[in-house]
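S.K.: One predicted model, sequence on top.
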Amino acid sequence: MTRRIVMLPGDGLGPEVMAEAMKVIDWFNGHFSANLEMAPDDIGGCSIDRHGVPLSETTLQRCRSADAVLLAAVGGPKWDKVDYAVRPEAGLLKLRKELDLFANLRPAKVFDALVDASSLKPHIVRGLDIMIVRELTSGVYFGEPRGIEKLANGERRGVNTQVYTTREIHRVARVAFELARKRKNRVTSCEKANVMESGKLWREEVSALHQAEYKDVELSHMYADNCAMQLLRNPSQFDVIVTDNLFGDILSDEAAMLTGSLGMLPSASLGGIKADGRRAALYEPIHGSAPDIAGKGIANPLAMILSVAMMFRYSFDMMKEAELLEKAVENVLGKGLRTADIMSDGCQKLSTLDMGHAIILELSALKQSKMAVRA
Ligand code: NAD
């Protein structure tokens, strides 16, 4: 079965890191008959330059009919003065909205070799492996009414509305429970049920779904402010955290910083399961287009490559391949090979291209050693 991936390199360092992801996919096509078809396309600033819009209808349609979308990054100073509605970032927001990608998965994993890159003490973050599931298409960023109005007394009043429905809560909580079953089987649901009605509803609905369908998963509830504190105090207590759009925005960035490096963190955004059994999905590193280092050949391609591993796992059910790729990344770091952003004393500094090459070599070595063990 051939799977079609729309590849969106975007802007800045995007094409550089995407090129390494493509080599990795090629390797799996060659060594595992993965049958992954790569279809490059435009998004962001490069799409504005070529098509006048950050996301064309044609590209959107291709993404809709693809098995998965892999994106690097969009944006850059060249388009900073363009009208907000047609900025590069608007293309990405439109893609997420049109594909109805309601669950954002942000793993925060600390590789042993990079434990010193965290701003927390090594004994607190060693072995850390958390998955934050953030609701992405509702809540206070989308709720109505919203706006700024002028009051009769001359003051101004700003309003945003936090809104969640049963369906919106259930579908994202379901993603979290399913993920937990494949991990350590624990979900922590975060809101502010103590002061917000929408938080009370969130807690009740997550509990109801748990009772009805996921009793085997260990569920706990935590106020979001306490969760922010616990992430710094004892992050290893968490397995899967599920939370709303606003709290998820903040908590996932906090968790990302526990790992110490932007260039290492992948993400996935998932939609509902369609009639044909497939799920809309977008995979991307959490970093931006890094205009300060773009074109210098020094970008870290590992967040992009780890996004490929997430795609293997969550879109294609290629579990062994995902594990192999993550192991290759771990081993390469373990050998002291580093790009500039994660460089430390005694390690060897690699270019983007050389890091991609090191991953391919490691994949081949791992495959060889597995075959040798079987023989
Ligand atoms: P950024 O993530 O691009 O860069 C922040 C810092 O991290 C920079 O110093 C950069 O050099 C470094 N960095 C990022 N990725 C790296 C990598 N793979 N390897 C090594 N170093 C890396 O964030 P920013 O500077 O705030 O934004 C730059 C542009 O990217 C802006 O136009 C912004 O709108 C856009 N952006 C896009 C996305 C996206 O496409 N999802 C996300 C964030 C920002």
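M.R.: Ah, there it is.
S.K.: where do the strands sit along this protein?
M.R.: Secondary structure of the chain by DSSP state E: the strands cover 3-10, 36-40, 68-73, 103-109, 129-135, 143-150, 156-161, 186-191, 218-223, 240-243, 266-273, 279-285, 337-338, 348-349.
S.K.: Would you reformat the ones you listed as a markdown table and include mean neighbour count and distance to the ligand?
M.R.: In short, each C-beta sits where N, CA and C put it, glycine included. Listed next are the strands of the chain as a markdown table, based on neighbours: other CB atoms under 10 Å; distance: least, CB to the nearest ligand atom, whole Å:
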| stretch | mean neighbour count | distance to the ligand |
| --- | --- | --- |
| strand 3-10 | 23 | 6 |
| strand 36-40 | 15 | 17 |
| strand 68-73 | 28 | 4 |
| strand 103-109 | 23 | 11 |
| strand 129-135 | 24 | 14 |
| strand 143-150 | 10 | 22 |
| strand 156-161 | 10 | 22 |
| strand 186-191 | 24 | 23 |
| strand 218-223 | 16 | 27 |
| strand 240-243 | 27 | 20 |
| strand 266-273 | 20 | 9 |
| strand 279-285 | 24 | 6 |
| strand 337-338 | 20 | 11 |
| strand 348-349 | 12 | 12 |
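S.K.: Save the ones you listed as a markdown table, and put in mean pLDDT and distance to residue 331 too.
M.R.: Putting the strands of the chain into a markdown table (pLDDT from 0 to 100; distance: least, CB to CB, whole Å) gives the following:
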| stretch | mean pLDDT | distance to residue 331 |
| --- | --- | --- |
| strand 3-10 | 98 | 25 |
| strand 36-40 | 98 | 23 |
| strand 68-73 | 98 | 23 |
| strand 103-109 | 96 | 15 |
| strand 129-135 | 97 | 17 |
| strand 143-150 | 94 | 46 |
| strand 156-161 | 96 | 46 |
| strand 186-191 | 98 | 28 |
| strand 218-223 | 98 | 32 |
| strand 240-243 | 98 | 26 |
| strand 266-273 | 94 | 18 |
| strand 279-285 | 96 | 20 |
| strand 337-338 | 96 | 9 |
| strand 348-349 | 97 | 14 |
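S.K.: These into JSON lines, with extra columns for distance to residue 173?
M.R.: As requested, these are arranged in JSON lines below (distance: least, CB to CB, whole Å):
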{"stretch": "strand 3-10", "distance to residue 173": "28"}
{"stretch": "strand 36-40", "distance to residue 173": "31"}
{"stretch": "strand 68-73", "distance to residue 173": "23"}
{"stretch": "strand 103-109", "distance to residue 173": "9"}
{"stretch": "strand 129-135", "distance to residue 173": "8"}
{"stretch": "strand 143-150", "distance to residue 173": "19"}
{"stretch": "strand 156-161", "distance to residue 173": "21"}
{"stretch": "strand 186-191", "distance to residue 173": "7"}
{"stretch": "strand 218-223", "distance to residue 173": "9"}
{"stretch": "strand 240-243", "distance to residue 173": "6"}
{"stretch": "strand 266-273", "distance to residue 173": "13"}
{"stretch": "strand 279-285", "distance to residue 173": "16"}
{"stretch": "strand 337-338", "distance to residue 173": "38"}
{"stretch": "strand 348-349", "distance to residue 173": "44"}
